[in-house]
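Novice: Structure, please.
(chains A and B)
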Amino acid sequence: MPPAVELIDLWWRYPSYGGEGYQYALRGINLRVDEGEFLAVVGPSGAGKSTLCYAMVGVIPHMFSPPYGEEPEHFRGEVRIEGETLTKLEMVEDPSGARRPAFTGRKYAAPTAGLLLQDPENQFLRMDLLHEVAFGAELMGLPEDEIEGRAREAMEIVGLGSLSPIAHLVHPSELSGGQKQRAAIASFLAMRPGILILDEPTSDLDPMGKLEVMGAIDRLRREHDLTIILVEHNPEVIMGHADRVAVMDRGEIVAVGDVEEIYSDPDLLRGHGLYPSDVARIGQEAGLRYGGRIPISVEEGLEALRRARPDFSRVEPDGEPARGEPVIEVEGVHYRYDDGTYALRGVDFRVHDGEFVGLIGQNGSGKTTISKLIAGIYGKFKGDIRVMGASLRDRKVAERVPLHVGYVFQNPDHQIFMRRVYDEVAYGLRNLRLPSGEVDARVREALGRVGLMHKVDEDPVFLSRGERRRLTVASIIAMRPRVLVVDEPTTGQDFRMTEDIMSLLSQLNREGSTVIVITHDMSMVAEYLRRVIVMHFGVVVYDGPTRGFFSDEGLLRSLSINPPMAVKLSHAYRRSVDPGAPALISVREWVAALKGGSRASPGHPGTAARGPAAAGGPTGI
Amino acid sequence: MEAGTSEAGRRLEKRSVRTFLYSMRIGTPVERLHTITKVALILVLSTLALHMFNIPVEEGGPDLVGLAVLLLIVLALLGAARVARYLVTSYLVLALPVLLGIFVWWLYFNRGLPGPGMQLYLWPGYVPLGLSTVVLAAALAILYLRTRSVPGPLAAALILWWLSLMPPALDESPIASWARIPFGAAVAVDVPRWALVVAVAKVLGFAVMIYSTFLLLLTTRDAEVAGALRQLGVPYRASFYASLVFRNLDTVMADYTNIRNAQVARGAMVARSGPLARLADLARISVPLVASMIRRSVEMGIALYARGFYSAARITEYRERRPFTYVDWAVVALLAALVVFDVVLGYRFDSMLRLAGYG
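Specialist: As a prediction, the model looks like this:
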């Protein structure tokens, strides 16, 4: 049987229009994916993962086509799907009899292979669910009855069957992120492909959406025997689903192997800016072994723990939470969008000076809405919000609230609008009508804090995604707000960028800023935040210590929150080894319990925090 | 934005459906209107409006009653589709300054018209205490209660009040004017009487064009446009692209809102800056907005490629074409009647209601 996908010495360089041209994005890729296999592709930002996906469906080189005659400088090698050449560069004879390079092969992978992109919004091409799912089948020229049947069946398979009767009336904006991605999967299923390529399909989704999409993919694998190629960051997802893993960095495949082989080598992963699993980190730093290697899953970790003797007294208990003056007081807040949707149904909480708080919950739970109300971005609500004692019901207070509450938006590309790094940071300060000397001093200080001083005269367009993220933080902290609200700081960021932004926020918090982080990243919550406010359908359902939240298995289940592996390990340990053990929530705490030495305290990432510098070799137990 | 996402799955009964702009109620007669009918409606009503407001003074001048009838037809259809409130909440606000500009332009820069002149006051030389003042105070109070803001409503109310002072006759009846407090010197301009009629006619005519276009945007979806273009013989890919452009209006609007919110979060409202600074802010939005549109269009291109859009040899149309129904024929008959009445027979709607003195 021919392999489902085969890449043979594949090189690719994006065409540039002017300038020196780009580096090769793919460098001599050799990869073979067998039929029915589930291959995960991992790698840091800019490794070439998306480019690899594009090459597998023919988008590269046919959509980003190189200039006529320059094809060999941009593309080399061959891409084959199901034994057939998709793209190959060969010398052919043109009508005049001259020989010139030209692309040969079937050019389009559809309908044999489908490609799912990260952003669910941009791949919805129609205005209703039914037409969206049917679109691929329409393009295949199938009879109308068959299109109808296939579309309904595809919706069933991905769990959208309940929407089928009204699918012709459902607009994409009415679907959740998870539903949109499942609709996108269904739109390929209606074409009955053999191969599905998924480029970070869950990274923009909330925990529920991630579960839904991975559930749908599992079902495809199990019941429909599809070949799956998945680009993903999360080790737990990969370990739970994939057969093999390919590690990419700088356009090359640096390692391919079984999941166990790759994930039991945390140094390999860290060396390429990738996350090892929580259990692998605990295993490596505390010297746990499972079958002669580092354990990687919760089950393996638990087995290894049975032989170790954790000393929980070494884990420092939670100290008293910081309780300065209340800086934000939210009382009985209701809010309704213009379209009549109730976003908030009576929200109450307080945030005190100097706190580092997580605001979590599924999409639609109201966490972004309440944050935007606090930051004065939305107006008109019922109830009361006081910022440093002043009520936002007073319009004048609400207008000036951005001086006190800084809001860093999720997507840096939506909040950078000046043409120079300096001006970007100065924009808010000039709105405050500060004297130019003060503006200059604050801009330089803020850029120094985020390590961008050397780019002060650059156009933000030329900064990397991580740098743009830091620039957005700088432009807010220059305004010296008492409270910093940061929306999804780690979404779509690789391991290094996440480290970078979270240590910056921790540092700001230590220096006195109150920080509220809106996030779906539970590992980050467990490692950095002492307190969480959990929202569900417009109300607060939990407000207290992070440890308490992660200890409550029933609550986590009812909210469909997938806790970090360190927490799952703790639950498993308490269930099957020692019911009296305390709930541990982070890698650092587990390492402290197993290894002793530095006492870990939640909320203050110490030297044992994740990061290449913290990686000690296995010591054996 | 998180609005209403997670609940969609559980709400199986849908009362409204998203259109190019906002949404419309399901089951109204306008929802069943064919796109071709709606486009014909825009074209016929706009052509009639153009004709009616361009009738030369020598031939009786613009047909104000006819224009008002056209506008009423459009407003009635918007009302029937239950989308009129979107116009009131947003587009009316945008359209009003445009219509006001048209009014002032045609009033003051149309001096060459024949016939008697009249004086219009730019300032009457006194502050009247009377009906106009009551209207001013009431408008201000209502707008303030709705918006909780002073500058906008005050400006709007003052403009309305100023307009009401312009014709000299309006403020002279004992009911309309109880007392006059002298203030400043009177400033008046002479305009031909016909200029007022022409200005009103232009405002009504352009309102017909603007609001009939909104009717199309507020009540149409992509598949309908693609289907209609196919029925007219446009190739599939061209008709699909045309519908794709409209499908993206809402993502552009969402991006715009996000970027504007980011400016607000950085004190754009604190500055209380003048119109020039606001314009500069608006111009700044265009940079990330265009960048985002380019990124989206590249990704959509990739999504189209992956579905086989560019390689498809034979494409099936699936639930796109819709039949012409009795509602369409009723609208077409109405349009035909209007054309026959106005163009073929050359009748005027105001022939029976000709305003005294203007005939």
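Novice: Quick check: nearest residue in space to residue A:94, chain neighbours excluded?
Specialist: If the residues on either side of it in the chain are set aside, residue A:94 comes closest to residue A:100, at 5.5 Å by C-beta to C-beta, 6 or more residues apart in numbering or on different chains. Where C-beta positions appear, they are placed from N, C-alpha and C, glycine not excepted.
Novice: Three-state assignment for the one you found, please.
Specialist: strand (DSSP: H, G, I helix; E, B strand; the rest coil).
Novice: Report the residue ranges of every domain in the chain.
Specialist: The chain I'm using is chain A. Taking automatic domain parsing as the domain assignment, the record places the domains of chain A at A:33-64+A:94-257, A:269-315+A:566-614, A:326-562.
Novice: nope, chain B please
Specialist: B:16-113+B:194-220+B:323-359, B:126-183, B:237-318.
Novice: weakest of the ones you listed by average pLDDT?
Specialist: Across these, domain B:126-183 has the smallest mean pLDDT, namely a mean of 74.
Novice: tell me what the helix or strand harbouring residue A:368 is packed against?
Specialist: Here residue A:368 sits within helix A:367-374, counting by DSSP states H and E. For helix A:367-374, the packing partners by 3 or more C-beta pairs under 8 Å, 6 or more residues apart in numbering or on different chains; DSSP states H and E come out as strand A:326-336, strand A:342-352, strand A:356-360, strand A:382-387, strand A:405-408, strand A:483-487, strand A:514-518.
Novice: Would you mind checking the average pLDDT for it?
Specialist: 93.
Novice: buried ones in it?
Specialist: By 16 or more other C-beta atoms under 10 Å in any protein chain shown, the buried positions in helix A:367-374 come out as A:367, A:368, A:369, A:370, A:371, A:372, A:373, A:374.
Novice: Return the member of the domains of chain A having the minimum mean pLDDT.
Specialist: Taking the mean pLDDT of the domains of chain A, domain A:269-315+A:566-614 comes last: a mean of 83.
Novice: centre of the chain versus it, how much separation?
Specialist: In terms of C-alpha atoms, centre = their mean, to the nearest Å, the gap separating the centre of domain A:269-315+A:566-614 from the centre of its chain is 23 Å.
Novice: Can you lay out the domains of chain B as JSON lines showing distance to residue A:332 and mean neighbour count?
Specialist: Conversion of the domains of chain B to JSON lines gives the following (distance: least, C-beta to C-beta, whole Å; neighbours: other C-beta atoms under 10 Å in any protein chain shown):
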{"stretch": "domain B:16-113+B:194-220+B:323-359", "distance to residue A:332": "27", "mean neighbour count": "17"}
{"stretch": "domain B:126-183", "distance to residue A:332": "20", "mean neighbour count": "14"}
{"stretch": "domain B:237-318", "distance to residue A:332": "24", "mean neighbour count": "17"}
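Novice: how about those in a markdown table, adding distance to residue A:189?
Specialist: Shown next, in a markdown table, are the domains of chain B (distance: least, C-beta to C-beta, whole Å):
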| stretch | distance to residue A:189 |
| --- | --- |
| domain B:16-113+B:194-220+B:323-359 | 24 |
| domain B:126-183 | 49 |
| domain B:237-318 | 12 |
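Novice: Quick one: closest of the ones you listed to residue A:234.
Specialist: Across the domains of chain B, residue A:234 has its closest neighbour in domain B:237-318 (22.3 Å, C-beta to C-beta).
Novice: Go ahead and report the secondary structure state at residue A:214.
Specialist: Classified using three-state DSSP, residue A:214 is helix.
Novice: how close does the residue lying closest to it once chain neighbours are set aside get to residue A:259?
Specialist: In space, and not counting its chain neighbours, residue A:214 is closest to residue A:237: 6.1 Å by C-beta to C-beta, 6+ apart. In this view, residue A:237 and residue A:259 are 11 Å apart by C-beta to C-beta, to the nearest Å.
Novice: contacting residues for residue A:34?
Specialist: When contacts are counted by C-beta atoms under 8 Å, 6 or more residues apart in numbering or on different chains, residue A:34 touches A:1, A:3, A:4, A:227.
Novice: Can you report how many residues lie near the last one?
Specialist: Going back to what we said before, that points to residue A:227. Residues lying near residue A:227 (other C-beta atoms under 10 Å in any protein chain shown) number 24.
Novice: What of the first one?
Specialist: Number of residues near residue A:1 (other C-beta under 10 Å) recorded here: 8.
Novice: Can you name the residue of the stretch 251-359 of chain B nearest to chain A?
Specialist: Nearest residue of the stretch 251-359 of chain B to chain A (C-beta to the nearest C-beta) works out as residue B:308 at 3.1 Å.
Novice: Quick check, that residue in contact with residue A:138.
Specialist: No. The pair residue B:308 / residue A:138 is not scored as a contact, 10.0 Å apart, by C-beta atoms under 8 Å.
Novice: Residue B:165 is in contact with residue B:186, correct?
Specialist: No. Taking contacts as C-beta under 8 Å, residue B:186 lies outside contact range of residue B:165: 10.6 Å.
Novice: Name the residues contacting each of these two.
Specialist: B:121, B:123, B:124.
Novice: which of those lies closest to residue B:330?
Specialist: Distances from residue B:330 to the shared contacts of residue B:186 and residue B:165, taken by C-beta to C-beta, are shortest for residue B:121, at 46.8 Å.
Novice: mind checking how far the residue nearest to residue A:220 when sequence neighbours are not counted is from chain B?
Specialist: In space, and not counting its chain neighbours, residue A:220 is closest to residue A:226: 4.8 Å by C-beta to C-beta, 6+ apart. From residue A:226 across to chain B, the span is 15 Å (C-beta to the nearest C-beta, to the nearest Å).
Novice: Alright, I will stop here.
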